[in-house]
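Asks: Dropping the sequence and predicted coords here.
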Amino acid sequence: MVFGVNILFESLKKKFSNATNKLTKKVSDEAKEDNNIDGKSLNEIKEPTNLDSDESLKKEQSNIDEDEKEIVSNDEISDDNEKKSEKKSSFKKWIPSFKKKEETKEDISSTDEDVLVEEKNKSIFSFIKEKTISQKDLKDILWELELGLLEGDVAIDVASIVVESVKDDLVGTKIGRSDEIADITYNALKNAVSKIIDVDGKKMTKMLEEAKEKGEPLIVMFVGINGTGKTTTIAKLANYYLKKGYTPVVAASDTFRAGAIEQITHHTDNLEIKVIKHQKGSDPAAVAYDAIEHAKAKGKELVLIDTAGRMQTNTNLMDEMKKIKRIAKPDIIIFVGDALTGNDAVEQATKFNDVINIDGVILTKADADSKGGASLSISHIIQKPIMFLGMGQGYDDIIEYDPNWMLEQLFS
Ligand SMILES: Nc1nc2c(ncn2[C@@H]2O[C@H](COP(=O)(O)OP(=O)(O)OP(=O)(O)O)[C@@H](O)[C@H]2O)c(=O)[nH]1
Ligand SMILES: [Mg+2]
């Protein structure tokens with residue numbers, strides 16, 4: 001399968017990674033401020049380069065020497081030789097003295113120097129006291145995240161849900177170590193997105209297996225506005241299920257657009273499968289009916305009904321679509337939307353769902369979709385699952401949608 005340039009959801013990926021970085025930095029900065037002790041902030045502590053000059057090294061070393069005395073007198077560290085050798089280590093040259101005092105007074109009851117060094121080491125990358133994330137810490141960054149999502153064509157409701165979920169997860173969270181922040185914010189975002197994209201519903205492959213067991217064809221009808229990729233998607237799915245051992249038949253029920261019957265016939269010829277077709281302008285419901293009869297008579301397992309593209313605002317064509325549904329009684333109605341149209345695809349899906357009650361969505365042209373807004377929003381808005389994603393113009397360029405795969409794409 002060729003995905004072309006790797007631009008899949010590039011913009012959303014960037015937004016999520018920016019948000020994680022900014023949240024991490026903000027909370028980290030706040031924590032450093034909170035932890036400013038004796039006029040010395042964690043900023044200073046974390047920068048060994050500050051101490052690189054001879055003078056600061058000497059100063060730090062003399063602090064350490066003072067502290068060493070304290071350790072010996074307070075806590076009976078007896079092994080002088082070990083202590084001397086440790087003193088020489090470059091690591092110790094920039095251990096902050098206050099941190100050492102803290103540990104020395106409270107904890108050092110054994111003479112285990114290894115433990116002492118390890119504790120010091122940890123302390124450099126830790127907060128001195130816990131930081132609790134507040135609403136104030138997040139305000140600006142969440143606002144930026146929301147704007148970013150809207151720019152990426154994420155539906156308004158979905159953007160708000162993501163932001164609220166991240167806020168709920170993070171506010172009140174206690175962070176003990178600075179290196180935890182990135183993980184915590186990253187997980188909060190991932191969790192928010194996973195709630196949005198995982199919508200339960202019918203699963204075509206499973207239903208096909210079940211229909212086969214019953215000895216009945218599975219009837220699937222495809223709807224959507226003009227040019228979104230319905231006919232191409234039908235050819236891809238015919239190929240997909242042929243490879244899984246099923247025999248499909250296609251109903252050329254787009255009797256409206258010039259060239260539509262020839263277009264679908266071209267694909268069925270290539271795939272060497274049967275197409276049931278009438279004349280241009282004939283009743284699309286009758287074509288679907290004949291295709292179903294053919295499948296039943298010949299023991300074919302799958303009927304794929306192509307329909308004409310229609311605007312959701314065209315009442316006559318929407319009524320005609322309802323008639324096809326009434327006659328064909330499809331097991332699954334799939335709305336085919338163009339991922340590149342972002343919020344428009346979401347609006348169309350909503351309208352088609354209102355009129356005909358769709359069971360799921362296929363988003364096409366995901367291979368060219370750098371924004372990802374429709375993929376993130378559509379199933380949550382209409383509460384129907386994305387079933388497949390179209391990933392190119394070839395017969396093999398289709399993947400069965402899996403929310404975990406989507407999460408991987410967004411957070412890899
Ligand atoms: N890049 C890309 N192009 C696609 C994909 N799916 C369809 N196309 C292209 O989109 C164009 C329209 O596809 P059709 O299958 O004719 O669309 P349709 O919905 O049947 O169009 P109408 O019958 O006119 O409503 C064609 O050029 C397809 O090759 C996809 O997943 N990726
Ligand atoms: Mg078509």
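Replies: It's in. Ligands and ions are numbered 1, 2, ... in the order given.
Asks: is any part of stretch 264-284 close to ligand 1?
Replies: No - applying C-beta under 6 Å from any ligand atom, one finds stretch 264-284 separated from ligand 1 by no less than 8.5 Å. The C-beta positions use only the backbone N, C-alpha and C, and glycine is treated the same way.
Asks: Figure out the length between the terminal residues of that stretch.
Replies: This stretch, stretch 264-284, spans 14 Å end to end (C-alpha to C-alpha, to the nearest Å).
Asks: Give me the contacts around it.
Replies: Contact with stretch 264-284 is made by 231-232, 234-235, 238-239, 242, 247-256, 258, 260-261, 286-287, 290-291, 294, 298, 300, 306-308, 320, 324, 395, as judged by C-beta atoms under 8 Å, 6 or more residues apart in numbering.
Asks: Out of these, list just those in helices.
Replies: Those of the contacts of stretch 264-284 mapping onto helices are 231-232, 234-235, 238-239, 242, 260-261, 286-287, 290-291, 294, 298, 320, 324, per DSSP state H.
Asks: re the thing from before, which ones among the contacts of stretch 264-284 also lie next to ligand 2?
Replies: Applying C-beta under 5 Å from the ion to the contacts of stretch 264-284, one finds that Thr231 fall near ligand 2.
Asks: what about Thr20, neighbour count?
Replies: Residue neighbour count, defined by other C-beta atoms under 10 Å, stands at 23 for Thr20.
Asks: distance between the helix or strand harbouring it and the chain's centre?
Replies: Following DSSP states H and E, one finds Thr20 within helix 10-34. Chain-centre distance of helix 10-34: 18 Å, with C-alpha atoms, centre = their mean, to the nearest Å.
Asks: ok, Lys365 to ligand 2 distance?
Replies: Remark: distance between Lys365 and ligand 2 (C-beta to the ion, to the nearest Å) = 14 Å.
Asks: returning to that earlier point: which among the ones in helices among the contacts of stretch 264-284 end up buried?
Replies: Neighbour-count burial (16 or more other C-beta atoms under 10 Å) applied to the ones in helices among the contacts of stretch 264-284 gives 231-232, 234-235, 238-239, 242, 260-261, 286-287, 290-291, 294, 320, 324.
Asks: of all the residues you listed, which two lie farthest apart?
Replies: Largest separation among these by C-beta to C-beta: Leu242 and Glu320, giving 29.6 Å.
Asks: nearest residue to the residue of the stretch 201-350 of the chain found nearest ligand 1 other than its sequence neighbours?
Replies: Using C-beta to the nearest ligand atom, the closest approach of the stretch 201-350 of the chain to ligand 1 is made by Gly309 at 2.3 Å. Distance criterion C-beta to C-beta, 6 or more residues apart in numbering; nearest residue to Gly309, sequence neighbours excluded, is Asn226 at 3.1 Å.
Asks: What is the neighbour count of the one you found?
Replies: For Asn226, the neighbour count with other C-beta under 10 Å is 11.
Asks: Assign it to helix, strand or coil.
Replies: Put simply, Asn226 is coil when judged by DSSP: H, G, I helix; E, B strand; the rest coil.
Asks: from memory it sits against Asn314, does it?
Replies: No - with contact defined as C-beta atoms under 8 Å, Asn226 does not reach Asn314; the gap is 10.3 Å.
Asks: Return the residues of the chain in contact with ligand 1.
Replies: Counting by C-beta under 6 Å from any ligand atom, the residues of the chain that sit close to ligand 1 are 224, 226-232, 254, 257, 260, 309, 364-365, 367-368, 390-393, 397.
Asks: who's in contact with Gly360?
Replies: Neighbour list for Gly360: Gly201, Lys202, Met204, Ile332, Ile334, Phe335, Lys384, Pro385, Ile386, Met387 [criterion: C-beta under 8 Å, 6+ apart].
Asks: and these as a markdown table, adding pLDDT?
Replies: Putting the contacts of Gly360 into a markdown table (pLDDT from 0 to 100) gives the following:
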| residue | pLDDT |
| --- | --- |
| Gly201 | 97 |
| Lys202 | 97 |
| Met204 | 98 |
| Ile332 | 98 |
| Ile334 | 98 |
| Phe335 | 98 |
| Lys384 | 98 |
| Pro385 | 98 |
| Ile386 | 98 |
| Met387 | 98 |
